[in-house]
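Peer 1: generate a structure from the sequence data that follows.
(chains A and B)
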2 protein chains.
Amino acid sequence: MTRSIFPSDDKTQRFAPRANAEQIEEGHVLAPKFDADGLITCVVTDAWSGEVLMVAHMNAEALARTIETAQAWYYSRSRQTLWRKGEQSGHTQRVVEMRVDCDQDALWLRVEQTGPGACHTGRASCFYRSVRLKEAGETAIVLDFVEDRTFDPNTVYRGPRK
Amino acid sequence: MTRSIFPSDDKTQRFAPRANAEQIEEGHVLAPKFDADGLITCVVTDAWSGEVLMVAHMNAEALARTIETAQAWYYSRSRQTLWRKGEQSGHTQRVVEMRVDCDQDALWLRVEQTGPGACHTGRASCFYRSVRLKEAGETAIVLDFVEDRTFDPNTVYRGPRK
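Peer 2: Numbering: from 1, shown residues only, chains lettered A, B, ... in the order given. Predicted coordinates:
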């Protein structure tokens, strides 16, 4: 990756330190908890339909860029790279609102999704299958497809899918 | 914890094995991916308002019990115990629908939340603070409180909070 123009790149300590439960839960300052791999979980919902589009992860750099630009940046665990959503597909996400949870180890992004969908399989949402409940004692828990494809992923994604 | 009546307790292999991307992404069988700690991330939304209430984790046992009972069970990483949501507060969650994402490493639960809220701080949702965007170069990223308390956690939670 080439040198970035983002000011956050030069900061090693971008966010407030975490002091105690009172500060973390009732404070007015973002003090995110990154896990052992330096990542924080992000729930992404469509700002208009309310549907959960995807679950992704951010490292400190992705979080700083998302705050600075209001465009969704993530960190890909499989490819181990920083990644702006839609940089390959064009299906970018404008962040309408970002929220943080009580213990500040999860983020909720309400986004305006550009294009026909967020999922690399060609659906609007990654959550296109429903799990049948109360199937006690069954070896195989059955999934029902509840969303159709909205685009052809083989046309949209060239090279490795994102 | 005393001996459970749940049939899932005696199973060591509860879910289908994961074969390949085609089976995982386009198959009709639940083959969840648990992380190195044996956990899977769960997004929980209110079935009626659509609001994200919380992000929690399940181990295989919690997932099996949730499927069997349609009541939300989780695994507490901090307390290292299986946990039925609301067992202390009474604020249980009936699962209206469970979905799984494309690579089956995240779950989305649409729940009917009993009582005034899901958060141990006394709010309806754990995501009661909004992160101010485009605050580039600021050391402290400011949070705005966007939800009031709906109950008194000191009355509802006796002993360790859940």
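
Peer 1: tell me the gap between stretch A:99-109 and the middle of its chain.
Peer 2: 12 Å (Cα atoms, centre = their mean, to the nearest Å).

Peer 1: which parts of that stretch are buried?
Peer 2: By 16 or more other Cβ atoms under 10 Å in any protein chain shown, the buried positions in stretch A:99-109 come out as A:99-109. C-beta here means a position set from N, CA and C on the backbone, and glycine is covered the same way.

Peer 1: could you dump the residues you listed into a markdown table with distance to chain B and secondary structure added?
Peer 2: A markdown table is the format used below for these (distance: Cβ to the nearest Cβ, whole Å; DSSP: H, G, I helix; E, B strand; the rest coil):
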| residue | distance to chain B | secondary structure |
| --- | --- | --- |
| A:99 | 4 | strand |
| A:100 | 6 | strand |
| A:101 | 4 | coil |
| A:102 | 5 | coil |
| A:103 | 8 | coil |
| A:104 | 9 | coil |
| A:105 | 8 | coil |
| A:106 | 4 | strand |
| A:107 | 8 | strand |
| A:108 | 5 | strand |
| A:109 | 9 | strand |
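
Peer 1: pLDDT added to those residues, as TSV?
Peer 2: Output for the buried residues of stretch A:99-109, formatted as TSV (pLDDT from 0 to 100):
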residue	pLDDT
A:99	98
A:100	98
A:101	98
A:102	98
A:103	97
A:104	98
A:105	97
A:106	98
A:107	98
A:108	98
A:109	98
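
Peer 1: which of those residues lies closest to residue A:92?
Peer 2: Of all the buried residues of stretch A:99-109, residue A:92 sits closest to residue A:109, with 12.5 Å by Cβ to Cβ.

Peer 1: how many residues are close by the residue of chain A found nearest chain B?
Peer 2: Proximity of chain A to chain B (Cβ to the nearest Cβ) peaks at residue A:50, 3.5 Å away. When neighbours are counted by other Cβ atoms under 10 Å in any protein chain shown, residue A:50 registers 14.

Peer 1: got a list of what it touches?
Peer 2: Residue A:50 makes contact with B:45, B:50, according to Cβ atoms under 8 Å, 6 or more residues apart in numbering or on different chains.

Peer 1: repeat that with 10 Å
Peer 2: Residue A:50 sits next to A:110, B:45-46, B:49-52 when contact means Cβ atoms under 10 Å, 6 or more residues apart in numbering or on different chains.

Peer 1: can you tell me if the biggest helix by length in chain A touches chain B.
Peer 2: Counting residues, the longest helix found in chain A (DSSP state H) is helix A:60-69. Yes: interface with chain B: helix A:60-69 contributes A:63-69 (Cβ under 10 Å from any Cβ of the partner chain).

Peer 1: and the nearest residue to residue A:131 once chain neighbours are set aside, helix, strand or coil?
Peer 2: Leaving aside its sequence neighbours, residue A:131 sits nearest to residue B:98 (Cβ to Cβ, 6 or more residues apart in numbering or on different chains; 4.2 Å). Three-state call for residue B:98 (DSSP: H, G, I helix; E, B strand; the rest coil): strand.

Peer 1: quick check: buried residues in the lowest-mean-pLDDT helix or strand in chain A?
Peer 2: Ranked by mean pLDDT, DSSP states H and E, the helix or strand of chain A with the weakest confidence is helix A:153-156, at a mean of 91. Neighbour-count burial for helix A:153-156 flags residue A:156 (criterion: 16+ other Cβ under 10 Å).

Peer 1: show residues contacting that helix.
Peer 2: A:88-91, A:115-117, A:119-123, A:161.

Peer 1: now that helix: how far from the chain's centre is it?
Peer 2: Per Cα atoms, centre = their mean, the centroid offset for helix A:153-156 relative to its chain is 21 Å.

Peer 1: point out where chain A drops to low pLDDT.
Peer 2: In the predicted model, chain A carries pLDDT under 70 at residues A:1-13, A:136-139, A:158-162.

Peer 1: residue A:96 against residue A:110, yeah?
Peer 2: Yes: contact criterion Cβ atoms under 10 Å: residue A:96 and residue A:110 qualify, at 4.8 Å.
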